[in-house]
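Colleague: sharing a model that was predicted from the sequence below.
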Amino acid sequence: MLPPVASAPPEGQREQAGEIDAISDGAPEEPERITILCVGDVMAHSTQYKAQYDSKTKVYNFDDNFQFVAPYITEADLALCNLETVFAGGKPQGYPAFNAPDELADSLKNAGFDVALLSNNHILDQGVKGLQRTLSIAHKVGLETAGAHEKGSRSFSLVYAGDIRVGLVSYTYETPSIGGRRTLNGNYIPESAFPLLNSFSYENLDADLEEIRTSIKDAREAGAEIIVCYFHWGSEYQRSQGKEQERIADEIASAGADIIFGSHPHVVQPVTLLTDELTGRKTAVFFSMGNFISNQRAETLDNKYTEQGVIARVSLSLTRSTGEISDYDASVVPLWVDRYTDGRTRYAIVPLDEDMETNPALKASGHLDRARGALADLTSLIGEEYMH
């Protein structure tokens, strides 16, 4: 069975992507403008989920983590996040084998996310059954998924941004093979997982890149008008991209990707805008969006950069009858994760925007100077031109 298309099109919308309604007065077609965004690693360390537990009601609620970023998420036509945990049921667990409370899925949906990206090195932390239950819980709360799927489904997902159909092609890196057997996060990948998970190996990169190109081609043939790729790649805690990331980005942009989002390093890496020399077509590459929410920080890892992240955004206009993309704009919203205590432990993702100076979390924590430092770090790394 093919996976469902996210967010049913508006009433009366054409059923076939790319089928443009006739304009009776002969007026030229107006391009349709959409905004697509993505955030990095949504993690659930043990200190995080314990902080979100209400001992009186005996339920978890993560809504307050996202309260300050939700306006950015909800205003996008399509919002994606990298879910770097699973919903396997039973007792929650933190690092190294994550298993988040199901309520995290509700809070991600409440914050405005449309899609959970599941192709990452923690998706098999609780085995194949954990992966399958994660799909079920995500779909139950109304989140579409990409990068992992039910057996027999396509390797890509089709979702809507406004009424434009978007193909999502999402892959995670594998760790080095052991005795000829493929691994993820240093553990053998069960045979039953291969039909469910999109992954590539640096040891077999030429062949795996061809597979990714085929996924892009198949998504186009299925009606995708825009192609968004997500890669879980790179080296942890490195603030610059590696040569392999650059090679993959170059080849996949040439294969037709309109946007490339990346994460895994747990710190932010630069943004680049690739331009096809022949056609002028642009592809923004966000090499790493850093952590969106986690307990990784200066106090726990002696690494302040793990507290930082970005909302990666692309706005573009599409002339649907021709497929021409215009007014392509890539930008980021810089973020900082605050953690403080006011009788209980609080986590808050703080946008480092014009409201930063009056942010309630920073007022309560007294961490405004740390947030200012994070903004300076991110501006220096990414560049002023993308900070809008």
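Modeller: That came in fine, so what should we check first? Residues are numbered from 1 along each chain as shown.
Colleague: quick check, pLDDT for residue 7.
Modeller: Residue 7 carries a pLDDT value of 41.
Colleague: and the one 4 residues further on, by the same measure?
Modeller: Model confidence at residue 11, expressed as pLDDT, equals 36.
Colleague: over to residue 290?
Modeller: 98.
Colleague: ok, it - contacts?
Modeller: Residues in contact with residue 290 (C-beta atoms under 8 Å, 6 or more residues apart in numbering) are 40-41, 263, 265-269, 305-306, 308-310, 335. Backbone N, C-alpha and C define where each C-beta goes, glycine included.
Colleague: please enumerate the strands of the stretch 51-200 of the chain.
Modeller: For the stretch 51-200 of the chain, the strands defined by DSSP state E, counting those that start in this stretch occupy 53-54, 59-60, 78-83, 115-117, 144-146, 157-161, 164-173, 175-178, 181-184, 187-188, 199-200.
Colleague: just so I know, which of those strands lies nearest residue 344?
Modeller: Nearest to residue 344 among those is strand 53-54 (9.8 Å), distances taken as C-beta to C-beta.
Colleague: geometric centre of this protein: which residue is closest?
Modeller: Residue closest to the average C-alpha location in the chain (C-alpha atoms, centre = their mean): residue 81, at 3.3 Å.
Colleague: residues contacting that one?
Modeller: Listed by C-beta under 8 Å, 6+ apart, the contact partners of residue 81 are 38-39, 42, 108, 113, 115-117, 292.
Colleague: need the max-distance pair from those residues.
Modeller: The span of those, defined through C-beta to C-beta, is set by 115 and 292 at 13.7 Å.
Colleague: any idea what residue 169 is bridged to?
Modeller: Bridge pairing for residue 169 (DSSP bridges) gives the partners residue 229.
Colleague: then residue 335?
Modeller: residue 309, residue 351.
Colleague: from residue 95, how far off is it?
Modeller: For residue 335, the distance to residue 95 equals 21 Å [C-beta to C-beta, to the nearest Å].
Colleague: residue 117 now?
Modeller: 19 Å.
Colleague: which one of those two is surrounded by more residues?
Modeller: Neighbour totals were compared for residue 117 and residue 95, and residue 117 leads with 31 against 15 (other C-beta atoms under 10 Å).
Colleague: identify the residues contacting the more buried one.
Modeller: Contacts for residue 117 (C-beta under 8 Å, 6+ apart) come out as 38, 80-83, 145-147, 168, 170, 230.
Colleague: could you do residue 356 as well?
Modeller: Contacts for residue 356 (C-beta under 8 Å, 6+ apart) come out as 350, 362, 368, 371-372, 375.
Colleague: at 10 Å instead, please
Modeller: Residues in contact with residue 356 (C-beta atoms under 10 Å, 6 or more residues apart in numbering) are 68, 334, 336, 350, 362, 368, 371-372, 374-375.
Colleague: and those as CSV, adding distance to residue 319, neighbour count and pLDDT?
Modeller: Output for the contacts of residue 356, formatted as CSV (distance: C-beta to C-beta, whole Å; neighbours: other C-beta atoms under 10 Å; pLDDT from 0 to 100):
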residue, distance to residue 319, neighbour count, pLDDT
68, 36, 21, 98
334, 32, 26, 98
336, 38, 27, 98
350, 38, 26, 98
362, 43, 24, 98
368, 45, 17, 98
371, 41, 25, 98
372, 42, 15, 98
374, 39, 25, 98
375, 37, 19, 98
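Colleague: out of those residues, list just those in helices.
Modeller: Counting by DSSP state H, the contacts of residue 356 place 362, 368, 371-372, 374-375 in helices.
Colleague: what is the nearest of those to residue 180?
Modeller: For these, the residue nearest residue 180 by C-beta to C-beta is residue 374; the value is 43.8 Å.
Colleague: look up how far residue 79 lies from the closest residue in space to the closest one that isn't next to it in sequence.
Modeller: Nearest in space to residue 374, with sequence neighbours left out and distances taken as C-beta to C-beta, 6 or more residues apart in numbering, is residue 336 at 4.1 Å. Spatial separation of residue 336 from residue 79 under the definition C-beta to C-beta is 20 Å.
Colleague: just residue 130 next, same as before
Modeller: Counting by C-beta to C-beta, the gap from residue 130 to residue 79 is 24 Å.
Colleague: same check, this time on residue 205
Modeller: Taken as C-beta to C-beta, the span from residue 205 to residue 79 is 30 Å.
Colleague: pick out whichever of those two has more residues nearby.
Modeller: residue 79 (23 against 16).
Colleague: the nearest residue to residue 66 once chain neighbours are set aside: neighbouring residues, count only.
Modeller: Leaving aside its sequence neighbours, residue 66 sits nearest to residue 111 (C-beta to C-beta, 6+ apart; 3.8 Å). Counted with other C-beta under 10 Å, the neighbours of residue 111 add up to 22.
Colleague: now swap in the one 4 residues further on and tell me
Modeller: As a burial measure, residue 115 scores 28 neighbours (other C-beta under 10 Å).
Colleague: all helices for the stretch 201-350 of the chain, in order.
Modeller: Under the criterion DSSP state H, counting those that start in this stretch, helices of the stretch 201-350 of the chain are mapped to 205-221, 243-254, 298-301.
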